[in-house]
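Visitor: Just need the structure, nothing else, for what follows:
(chains A and B)
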Amino acid sequence: MTAAISHLDLLEAESIHIFREAAAQFRRPVLLYSIGKDSTVLLHLARKAFWPARLPFPLLHIDTTWKFRDMIAFRDKTARDFGLDLIVHINEEGLAKGINPIDYAPSVYTDVMKTVPLKQALDKYQFDAAFGGARRDEEASRAKERVFSFRSEGHRWDPRRQRPELWRLLNGRLGAGETVRVFPLSNWTEKDIWRYILREKLEVVPLYFAAERPTIERNGQLLVLDDDRLPLRPGEEVKQRRVRFRTLGCWPLTAAVPSDAADIEAVVAETLSARTSERQGRLIDHDQAGAMEKKKQEGYF
Amino acid sequence: MTLVTVLRPAGAAARPEKRSELPHELGGMLRLLTCGSVDDGKSTLIGRLLWDASDLYEDQRETLKRSGRTAGGTANPDFSLLLDGLVAEREQGITIDIAWRYFDTGTRRFVIIDSPGHEQYTRNMASGASHADLAIMLVDARHGVKKQTRRHAAILDLVGLKRVILAVNKMDLVDWSEERFRQIEADFRTLTWRFGFWEAIAIPVAAVHGDNVARRSDHMPWYKGPHLLEHLEELPSRGTSATGPFRFPVQTVLRDGRDFRALAGTVSSGTVRVGDTLADVLSGKSARVARIATMDRDLVEAAQGKAVALQLDQDIDVARGAVLAKSDALPVVARTLEARLVWLNETPFEPRASYLLRTATDLVPVSSLEIKALLDLETLASRPSAICQVNDIAIAYISLGRGVAIDKFTDAPETGSFMLVDAISGASIAAGVANSLGTEAGASPANAFLLTRAMLERGLCADLRDSPEDQRELRRRANEVALVLRAAGIAVEIESFEDYQI
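Guide: Numbering: from 1, shown residues only, chains lettered A, B, ... in the order given. Model prediction:
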């Protein structure tokens, strides 16, 4: 007798299994916490994996100093509420040199304020494993990523040294100088993240919800001004618009979208149905409308 | 307008599922492995399935239509472009690896594990198959069942796959011939009959045109069976089976700093209820389940696939590596195993190398590894061999430095499979399944050196006390010492500590 398990329950159990395997096999793991929705789910699953014990590893946030203020507030509140051991690391050298997302190319900025400090922190605290929220559905190149992704000395990723993974066996024995990135959300999709946030009633950064915010339009995108560090160009005008964010990052590099989705239900509905309207607009001719309606009743959307 | 094919056939869509109760959740999940080579039209088949049945993004569809590339002499877009990553990779000649793709129909999540089919990728296919619930094997109708199909079936069987579908593709190129299909179907039956599959069916398709992929073909009225998607939708989702013996490989011990001490793990087989008596075969101790704890709530029962924490009524010293079971069906404390394994690493088998055996949650030094025979994937016969290299499937005899809790693969797959790990580099060397188990120490090292606890405690481990952490460290050091000795050519056994765990 075999009973089907809901796909979120399967994903949850798999992630918990991965967390426990990693915590048992590595000496000094850390959870890379970036405050967004994926990190929220990652943290929740980690808490489930070790409950009622405390998380057996700290959280690490690489602060570029350009995150939205709401994100930082949310981060600190989360750490407080759950009694987490939070490490915040900034590349002080980059900061002193004034590397910022406005005057520097995104590649330079990202390297100096994100990639370099991550390596600095991993080395400084001697972490041998770092949990990340990457998913295989994000892009084609991630479709082959392992759950345990090995890095050689100097944090280099060598595709030929990646280990085959079979069944549920996770081999975490490290060679000399090796470290590992662990991806418990490997098999989740973006929709699953939102479905799970709704199901588990998880709190997320308020920026994901629509509100009136001071915005400017630049290169066809809406930027929300989080402080006065971004000089306005001639002709740009600050306007209150009802917007929200689909992803969160450094505020001058993150575009908002017009939306009325002001709570979690509305955001999930908007995410799950984002393609529906397009589909309805473009793909269904009138003969098929009945069939689509039927699918809708069955919960297809 | 051709785009209406995006709708799944009404018959499949109308399957009664209690969707209203799960507005944001899919009823279940099914993982499919697709195996076959580019020439068989595999990318086209997967692309067609995504195009016809999935919730592809609109921009992905637009891109495909605008690409201007069409599929083999038809007006259809080239569906294989949906798997572009793979194609590019092939052109660049980078290592071909398994790729994961996800799509949802109205009722469930499909995970497509795409694996390369050629001989030099046996290991990739084995890894992919080990995660799958069923496999779609692809053949070209013009060529029928080939050596490669035989090899694929053998690999699927090795990793324990139970359901296979043979997609006989390019039926348009054999004039939709029923005779041709029946012939291939008969060959397939003859082939699968010798393996342990529960279900093996053949479906005639023409992926380029969409015939029998997500809609019934008008060209083959003689075929009365389900089309591919219909068949996929009818198969049971990845589920929980209550029939196997209960197995709970302990991953780690959780403590809340007060009186809570529980064993964390995932039920790998069977079911456990509060009040059940569970035994740990390594220590020989048993206790009752006092509580099945999760962060959400306590459970009365936990079945296969559930990740929980078990609190026992007595504080028996059970830790990672133990496999909790019920006394009527216990795993074996094995010192030797005969196994079938697939060699994964570029470095061939080396009798003097140091290997570790990784079971569900245990890691134990291998005291000797002997290759007995290799499986000839073309004839499916085994021939004696003492060597083994990448992509080989071998019969091997393994002696362990100490006992490990393990099952025969056919009794409990998750606790009957293992990985061989290189003790120095940490690389995953081979993956295997246990065919038979022996409880006596291997016969070969007659004059083996016995590494005792007392020996370790007086020097190397003099700094360690009785705490669980220190005891774990002691066992880790014992393993490492055994590895060093073995690397120096000394056969070594580890004294069986009464409460031995890692």
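Visitor: So for residue 284, what's the pLDDT?
Guide: If you meant another chain, say so; for now it's chain A. If you check A:Ile284, the pLDDT there is 25.
Visitor: I was thinking of chain B, sorry if that wasn't clear
Guide: 91.
Visitor: do B:Thr243 as well
Guide: The model's pLDDT for B:Thr243 equals 76.
Visitor: in a strand, that's where it is, yeah?
Guide: No. Applying DSSP: H, G, I helix; E, B strand; the rest coil, one finds B:Thr243 to be coil, outside a strand.
Visitor: Quick check: it vs chain A, distance?
Guide: B:Thr243 is 7 Å from chain A, where distance means Cβ to the nearest Cβ, to the nearest Å. To be clear about C-beta, it is placed using only N, CA and C from the backbone, and glycine gets the same treatment.
Visitor: Same check on B:Lys326?
Guide: The spacing between B:Lys326 and chain A, counted by Cβ to the nearest Cβ, is 18 Å.
Visitor: Could you say which helix or strand holds B:Arg476?
Guide: Assigned by DSSP states H and E, B:Arg476 belongs to helix B:468-487.
Visitor: which strands and helices sit next to that helix?
Guide: strand B:363-375, strand B:449-451, helix B:453-458, strand B:492-494 (3 or more Cβ pairs under 8 Å, 6 or more residues apart in numbering or on different chains; DSSP states H and E).
Visitor: how about a cut-off of 6 Å?
Guide: Counting contacts by 3 or more Cβ pairs under 6 Å, 6 or more residues apart in numbering or on different chains; DSSP states H and E, helix B:468-487 is packed against strand B:363-375, strand B:492-494.
Visitor: wait, which of those strands is closest to chain A?
Guide: Closest approach to chain A among those is made by strand B:363-375 (7.4 Å; Cβ to the nearest Cβ).
Visitor: Taking the centroid of the chain, which residue is nearest it?
Guide: I'll assume chain A. What sits nearest the mean C-alpha location of chain A, by Cα atoms, centre = their mean, is A:Asp38, with 3.4 Å.
Visitor: if you could check chain B rather than the one you did, that'd help
Guide: A centroid search over chain B (Cα atoms, centre = their mean) returns B:Ser130, at 2.0 Å, as the residue closest to the centre.
Visitor: quick one: that one and B:Gly160 touch, right?
Guide: No. Look at B:Ser130 against B:Gly160 with Cβ atoms under 6 Å: they stay out of range, at 7.6 Å.
Visitor: can you give me the strands for chain A?
Guide: Ranges of strands in chain A, per DSSP state E, are A:2-4, A:29-32, A:59-62, A:86-89, A:129-131, A:148-151, A:179-182, A:211-218, A:221-224, A:239-244, A:255-258.
Visitor: Please identify the deepest-packed of those strands.
Guide: Using mean count of other Cβ atoms under 10 Å in any protein chain shown, the stretch among the strands of chain A with the largest mean neighbour count is strand A:129-131, at a mean of 25.
Visitor: pLDDT on it, on average?
Guide: The pLDDT scores in strand A:129-131 average 97.
Visitor: so what does that strand touch, helix or strand wise?
Guide: strand A:29-32, strand A:179-182.
Visitor: Which positions within stretch B:218-236 qualify as buried?
Guide: Using 16 or more other Cβ atoms under 10 Å in any protein chain shown as the test for burial, stretch B:218-236 gives B:His219, B:Met220, B:Tyr223, B:Pro226, B:His227, B:Leu228, B:Leu229, B:Glu230, B:His231, B:Leu232, B:Glu233.
Visitor: Also stretch B:311-331?
Guide: Neighbour-count burial for stretch B:311-331 flags B:311-312, B:316, B:318-326, B:330-331 (criterion: 16+ other Cβ under 10 Å).
Visitor: mind listing which of those residues are in strands?
Guide: Taking DSSP E, the ones among those that sit in strands are B:Gln311, B:Leu312, B:Val323, B:Leu324, B:Ala325.
Visitor: tell me which of those residues is nearest to B:Ala423?
Guide: Minimum distance to B:Ala423 across those is 22.6 Å, recorded for B:Val323 (Cβ to Cβ).
Visitor: Report pLDDT for that closest one.
Guide: pLDDT recorded at B:Val323 is 97.
Visitor: Please determine how far it is located from chain A.
Guide: B:Val323 sits 13 Å away from chain A, going by Cβ to the nearest Cβ.
Visitor: Surely that residue touches B:Gln251?
Guide: No. Counting by Cβ under 6 Å, B:Val323 sits too far from B:Gln251 to count as a contact (11.1 Å).
Visitor: Could you list the residues of the stretch 1-150 of chain A in contact with chain B?
Guide: Residues of the stretch 1-150 of chain A lying near chain B by Cβ under 6 Å from any Cβ of the partner chain: A:1-8, A:10, A:13, A:16-17, A:20, A:24, A:48, A:51-53, A:136-137, A:140, A:143-144.
Visitor: Give me the buried subset of these.
Guide: Among those, the ones that count as buried by 16+ other Cβ under 10 Å are A:4-8, A:10, A:13, A:16-17, A:20, A:24, A:48, A:51, A:53, A:136-137, A:140, A:143-144.
Visitor: so how far is stretch B:156-170 from its chain's centroid?
Guide: 14 Å (Cα atoms, centre = their mean, to the nearest Å).
Visitor: which ones are touching B:Leu228?
Guide: Shown in contact with B:Leu228 (Cβ atoms under 6 Å, 6 or more residues apart in numbering or on different chains): B:Ile203, B:Val213.
Visitor: actually B:Thr34, not the one I wrote
Guide: By Cβ under 6 Å, 6+ apart, the neighbours of B:Thr34 are B:Lys42, B:Ile46, B:Asp114, B:Ile136.
Visitor: at 7 Å what do you get?
Guide: For B:Thr34, the contact set (Cβ atoms under 7 Å, 6 or more residues apart in numbering or on different chains) comprises B:Lys42, B:Ile46, B:Ile112, B:Asp114, B:Ile136.
Visitor: Those into TSV, with extra columns for neighbour count, pLDDT and secondary structure?
Guide: TSV is the format used below for the contacts of B:Thr34 (neighbours: other Cβ atoms under 10 Å in any protein chain shown; pLDDT from 0 to 100; DSSP: H, G, I helix; E, B strand; the rest coil):
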residue	neighbour count	pLDDT	secondary structure
B:Lys42	26	79	helix
B:Ile46	27	83	helix
B:Ile112	23	90	strand
B:Asp114	25	85	strand
B:Ile136	24	94	strand
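Visitor: That concludes my questions; thank you for your assistance.
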